[in-house]
Structures are given as C-alpha cells and as structure tokens.
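Colleague: Fold the following for me, if possible:
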Amino acid sequence: MTVLAAVIALVGSLFFALGAALQQFEAVGSAKPTLLTLLRRPRWLFGGLSILFGGGLHIVALGLGPLTVVQPMGVASLLFALPIAAALHGRRPTRKELSAAGVVAAGLIGLVLLVPESEGPTYLSPNGVLTLLAVAGVASVLLWAGSKIASPAGRAALLATSAGVLYGATATLMRALVDGSWNWWYLLALPVPALLALMMLQRAYAVGHFGVSFASLQVADPLTAVAFGALLLGEPLPSGLVPIAAAALTAVGTLALARTSPLEARQ
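Modeller: Residues are numbered from 1 along each chain as shown. Here you go, the predicted structure:
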C-alpha cells in the first residue's frame with residue numbers, strides 16, 4: 001500500500017504541476033489577469049480541473065500511506081512544473097533553473113517531514129477566525145504593496161507569497177471545520193481568502209517568472225499553515241537546528257530561482 005500511495009501522490013503532483021503551468025501560460029503577459037477574463041479561456045479552466053484532480057489524488061494517497069512517504073511526493077510538483085511550463089513557452093529549462101528548484105524541493109521535504117503531527121481534534125474560536133483573517137489579510141496587502149516597487153522576479157515572488165499566505169489561512173480554517181469547529185459564518189468566510197489567493201496568484205503568474213512564483217507559493221502555503229496552526233490551534237512546532245537549515249535551504253533555492261528563472265512572454 002505504501003508503494004501505491006507514493007505512486008498516486010506522484011501522479012497527483014504531475015497533475016498539479018500541469019494545472020499550474022497551464023494557468024500561468026494563460027495569465028502571463030496580462031496587465032490585469034482578472035478571474036472573469038481567465039474563466040473564458042478553456043486552457044485556464046482545464047488547468048484548474050487538473051489542479052483539483054491532483055489535489056484529490058494527494059488526499060487519496062494520504063489515506064493509503066504514511067505522511068513521510070506521501071508529502072515528499074507532493075513537493076515533486078515543483079520539479080514537474082518547470083519543464084512543463086518551459087515546453088509551453090517553447091524552450092527548455094536550464095540546468096541552473098532545475099538545480100535551484102531541486103534545492104527548494106529538498107528544503108521543503110525537510111520542512112514537511114519535521115513538522116510534528118498534532119494530537120486530537122482542533123478548535124478555532126470566533127476570535128481566532130477573525131485573527132486568522134486579519135493577520136493573513138494584512139500580510140498579503142503588505143506583500144502586494146511591496147511587489148509594486150520590486151523587480152519583475154521580486155514582484156512574482158511577493159505576489160505568489162501573498163497568495164501562499166492566503167491559501168495557508170484557507171487551509172487552517174478548513175482544518176478547523178473538518179475537526180468540528182462548525183459555525184455558519186465560518187463557511188461564508190472560507191471562500192474569501194481562497195478567492196483572493198487565486199487572484200494574487202494569477203497576478204504573480206502574469207509577471208512571467210513562473211519558477212520563482214511557483215516556488216514561492218510552494219514555500220509560503222505550508223509555512224503559513226504551520227504558523228497559524230501553532231498560533232491559533234495549539235499545534236506543535238518543529239524544534240532544533242535542522243528545521244532552520246531546511247528553511248534556509250528553501251530560501252537559498254528560491255533566491256537562486258529568482259536569478260535564473262527567465263521572464264516568459266506568451267507566444
């Protein structure tokens with residue numbers, strides 16, 4: 001079952017990477033890639049379905065195998081996404097680009113495997129939900145504001161990080177709902193950070209540096225969810241020097257991607 005879980009998770013990562021690359025291809029070069037505009041593009045919609053299918057396969061894999069096997073397979077989406085995106089733009093990924101992505105993936109694998117598993121159900125109070133939305137909102141706005149004065153690669157990274165923070169908030173709220181923190185307005189609040197994250201991510205993709213934007217998203221999303229889990233749900237944090245080294249590795253890899261990832265233009 002463990003081998004089957006690993007294979008399913010790997011296939012899920014491939015679909016997730018394909019979906020991200022297709023959506024970036026449709027968004028790149030647009031001054032303001034609004035969701036209404038992108039929803040009219042079949043390739044962008046297919047990318048969304050591919051992402052949903054990949055996420056579903058990842059959930060199935062988690063039900064069949066241990067987290068220590070499934071999660072590293074999920075990180076592989078970064079390594080799949082770069083060649084797919086490069087092919088869509090009619091080029092080959094460079095060695096430096098793939099090497100930097102490998103460093104990010106190695107750091108992410110270390111981080112996801114070092115996060116201790118929580119014990120028992122979680123509870124998120126109404127004040128906790130408001131804090132979650134406020135912190136995520138302020139952080140995303142600051143990142144968006146910073147992107148206005150950044151270089152193209154920096155803009156892609158900051159916008160994607162903003163999206164990752166909002167997706168991390170969405171994941172935290174979803175986790176609380178699944179564990180029994182039911183309240184009707186929790187359900188109404190859930191789509192807000194998710195839709196804002198999707199909008200921010202398309203703006204990041206529109207800049208053109210797919211490698212750095214996708215890597216920034218992959219880093220920011222789980223780290224934000226872990227931080228919110230510790231802050232609001234009382235979940236444990238990893239300790240020691242190894243998590244710090246893994247985080248540093250992801251940072252170094254992302255910076256390297258920012259320097260090596262080319263500025264794409266839609267063909």
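Colleague: What residues does the closest residue to residue 172 other than its chain neighbours make contact with?
Modeller: Once flanking residues are discounted, residue 172 sits nearest to residue 228: 4.1 Å by C-beta to C-beta, 6 or more residues apart in numbering. From N, CA and C alone the C-beta is placed, and that goes for glycine too. Shown in contact with residue 228 (C-beta atoms under 8 Å, 6 or more residues apart in numbering): 132, 135, 136, 168, 169, 172.
Colleague: next SSE after whichever helix or strand residue 228 is part of?
Modeller: Secondary structure from DSSP states H and E places residue 228 in helix 210-232. Using DSSP H and E, the helix or strand that follows helix 210-232 in sequence is helix 241-260.
Colleague: Run through who's touching that next one.
Modeller: Contacts of helix 241-260 (C-beta under 8 Å, 6+ apart): 94, 96-97, 99-111, 114, 153-154, 156-157, 209, 211-212, 215-216, 219, 223.
Colleague: Just the CA trace of that helix, in CSV.
Modeller: Only the C-alpha atoms of helix 241-260 are listed here, as CSV (Å, rounded to 0.1, in the frame of the first residue of the first chain):
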residue,chain,number,x,y,z
LEU,A,241,18.7,23.4,14.1
VAL,A,242,17.5,21.0,11.3
PRO,A,243,14.3,22.9,10.6
ILE,A,244,16.2,26.1,10.5
ALA,A,245,18.6,24.6,8.0
ALA,A,246,15.7,23.3,5.9
ALA,A,247,14.1,26.7,5.9
ALA,A,248,17.4,28.3,4.9
LEU,A,249,17.7,25.8,2.0
THR,A,250,14.3,26.7,0.7
ALA,A,251,15.2,30.4,0.9
VAL,A,252,18.5,29.9,-0.9
GLY,A,253,16.9,27.9,-3.6
THR,A,254,14.1,30.4,-4.1
LEU,A,255,16.6,33.3,-4.4
ALA,A,256,18.6,31.2,-7.0
LEU,A,257,15.4,30.7,-8.9
ALA,A,258,14.7,34.4,-9.0
ARG,A,259,18.1,34.9,-10.6
THR,A,260,17.8,32.0,-13.1
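Colleague: what about the helices in this structure?
Modeller: 2-27, 35-38, 42-64, 67-75, 77-88, 95-114, 126-147, 152-178, 184-189, 191-207, 210-232, 241-260 (DSSP state H).
Colleague: Take those helices and lay them out in a markdown table including mean pLDDT.
Modeller: Formatted as a markdown table, the helices of the chain follow (pLDDT from 0 to 100):
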| stretch | mean pLDDT |
| --- | --- |
| helix 2-27 | 88 |
| helix 35-38 | 83 |
| helix 42-64 | 89 |
| helix 67-75 | 70 |
| helix 77-88 | 86 |
| helix 95-114 | 82 |
| helix 126-147 | 93 |
| helix 152-178 | 89 |
| helix 184-189 | 82 |
| helix 191-207 | 92 |
| helix 210-232 | 85 |
| helix 241-260 | 80 |
